[in-house]
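Student: need coordinates for the following:
(chains A, B, C and D)
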Number of protein chains: 2
Amino acid sequence: MSEHFDRSVRQERVLLDLLGDKWSILVLGAICDHHGARRFNALARDVPGISQRSLATCLRRLERNGLIHRRVIDGPKLGTEYSFTDLGYTLDPPVTALLAWTKLHTDAVRAAQVTYDAREEAPRDAEA
Amino acid sequence: MSEHFDRSVRQERVLLDLLGDKWSILVLGAICDHHGARRFNALARDVPGISQRSLATCLRRLERNGLIHRRVIDGPKLGTEYSFTDLGYTLDPPVTALLAWTKLHTDAVRAAQVTYDAREEAPRDAEA
DNA sequence: TTGAATAGTAACTAAATGTTACTTACAGTG
DNA sequence: CACTGTAAGTAACATTTAGTTACTATTCAA
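Tutor: Here you go, the predicted model:
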């Protein structure tokens, strides 16, 4: 960690700024599950709990950051299709690392939370 | 991506929940730069722009999630020391992947943003 | 004993997110 | 052709989260 987790990380948290919001990876995951291309309302159904507003906002952010591409379908069936860009596909390594960490350490995190919340000394207020 | 970026990612975005806020990695980076242990006000100086409130909130979250440990120094000089836990050290692989992605693709992201913002068709409102 | 440093908390404001309802356009059914 | 359904959103509003500024309590050093 000492080498990687250095000053440049602190100045460049770009990827976290792209994926750190509540829905981005979930939406990307849904697109991924459908061969890298999916339409608006299909995504709204794929991602449980997301509102149309949040989905629209999220898709626009992803589009603006070059991770997905928006295409209006002008065939007989109208619609809008969102698909990965080449840049979007490069997310594989970091997302894989995120997933690997999660698989290994989720239990430890939950255990730490339980311990913290259960202790008598000043729970100050972190369990929000 | 097809294998990794699947349903389980969508249900388990644990790591992102831990580091996705504005300050967490910056604070962890500052601790890391000082041999894995650092005190409150030192961190406040290390991380430019952070307020005491934000730092306190951030440290409590990290502590609750088991990534850092809080220890009150009971020597002649009073103080509180925050240090990595074993779990905290396991962040190396995912953080390294994040950094690697950033180093490779920051320019592409910025370029995408410029293109998006500059285009004539409906900038709707994503550049917030 | 005054002043500076430590480690915060309290009260408040601003920004981000989310919710519900509405809109416009087209396509198919009776 | 009116009616219903689906698609892709937007508008106005409410809530949640994050951030700011000021303040406190304790300890040390001059």
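Student: how about the residues of chain A that lie near DNA strand D?
Tutor: Applying C-beta under 7 Å from any atom of the strand, one finds that chain A approaches DNA strand D through A:39-42, A:52-53, A:56, A:59, A:70, A:73, A:78-81, A:128. Quick note: C-beta positions are derived from backbone N, CA and C, even for glycine.
Student: buried subset of these?
Tutor: Burial by neighbour count, 16 or more other C-beta atoms under 10 Å in any protein chain shown: within these this picks out A:39, A:42, A:56, A:59, A:81.
Student: and the longest helix along chain A, is it in reach of DNA strand C?
Tutor: Selection of the longest helix in chain A by residue count, based on DSSP state H, yields helix A:92-118. No: on the criterion C-beta under 7 Å from any atom of the strand, helix A:92-118 is out of touch with DNA strand C, staying 13.6 Å away.
Student: that helix close to chain B?
Tutor: Yes: remark: helix A:92-118 sits within contact range of chain B at A:92-106, A:108-109, A:111-113, A:115-117, by C-beta under 8 Å from any C-beta of the partner chain.
Student: that helix - contacts with which helices or strands?
Tutor: helix B:7-11, helix B:14-19, helix B:52-64, helix B:86-89, helix B:92-118 (3 or more C-beta pairs under 8 Å, 6 or more residues apart in numbering or on different chains; DSSP states H and E).
Student: can you give me the mean pLDDT across the third one?
Tutor: Just to be clear, that refers to helix B:52-64. Looking at helix B:52-64 alone, the average pLDDT works out to 94.
Student: next: the shortest one.
Tutor: The predicted model gives helix B:86-89 an average pLDDT of 95.
Student: can you give the contact residues for that helix?
Tutor: Helix B:86-89 is touched from outside by A:1, A:105, A:108-109, A:112, B:28, B:36, B:62, B:66-68, with contacts defined as C-beta atoms under 8 Å, 6 or more residues apart in numbering or on different chains.
Student: list the buried ones in that helix?
Tutor: B:87-88.
Student: quick revisit: please flag which of the residues of chain A next to DNA strand D sit within helices.
Tutor: A:40-42, A:52-53, A:56, A:59.
Student: adding distance to residue A:17, write those residues out as TSV.
Tutor: TSV is the format used below for these (distance: C-beta to C-beta, whole Å):
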residue	distance to residue A:17
A:40	24
A:41	28
A:42	27
A:52	24
A:53	21
A:56	19
A:59	17
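Student: give me every residue that touches residue A:98.
Tutor: Applying C-beta under 8 Å, 6+ apart, we find residue A:98 in contact with B:9, B:13, B:15-16, B:94, B:97.
Student: just flag the most distant two among those.
Tutor: B:13 and B:97 (15.1 Å; C-beta to C-beta).
Student: spell out which residues of chain A are next to DNA strand C.
Tutor: So chain A meets DNA strand C at A:21-23, A:49-54, A:57, A:76-78, A:122, A:124 (C-beta under 7 Å from any atom of the strand).
Student: now do 6 Å
Tutor: Residues of chain A lying near DNA strand C by C-beta under 6 Å from any atom of the strand: A:21-23, A:51-54, A:78, A:124.
Student: where does the residue minimising distance to the centre of chain A fall, helix, sheet strand or coil?
Tutor: The residue lying closest to the centre of chain A (C-alpha atoms, centre = their mean) is residue A:25, at 2.0 Å. Look at residue A:25: counting by DSSP: H, G, I helix; E, B strand; the rest coil, its state is helix.
Student: ok, it touching residue B:13?
Tutor: Yes: because the distance of 5.7 Å satisfies C-beta atoms under 8 Å, residue A:25 is recorded as touching residue B:13.
Student: residue A:50: neighbour count?
Tutor: When neighbours are counted by other C-beta atoms under 10 Å in any protein chain shown, residue A:50 registers 19.
Student: any idea how far it lies from DNA strand D?
Tutor: 12 Å (C-beta to the nearest atom of the strand, to the nearest Å).
Student: now do residue A:115
Tutor: Distance of residue A:115 to DNA strand D, computed by C-beta to the nearest atom of the strand: 21 Å.
Student: same check on residue A:27?
Tutor: In terms of C-beta to the nearest atom of the strand, residue A:27 sits 12 Å off from DNA strand D.
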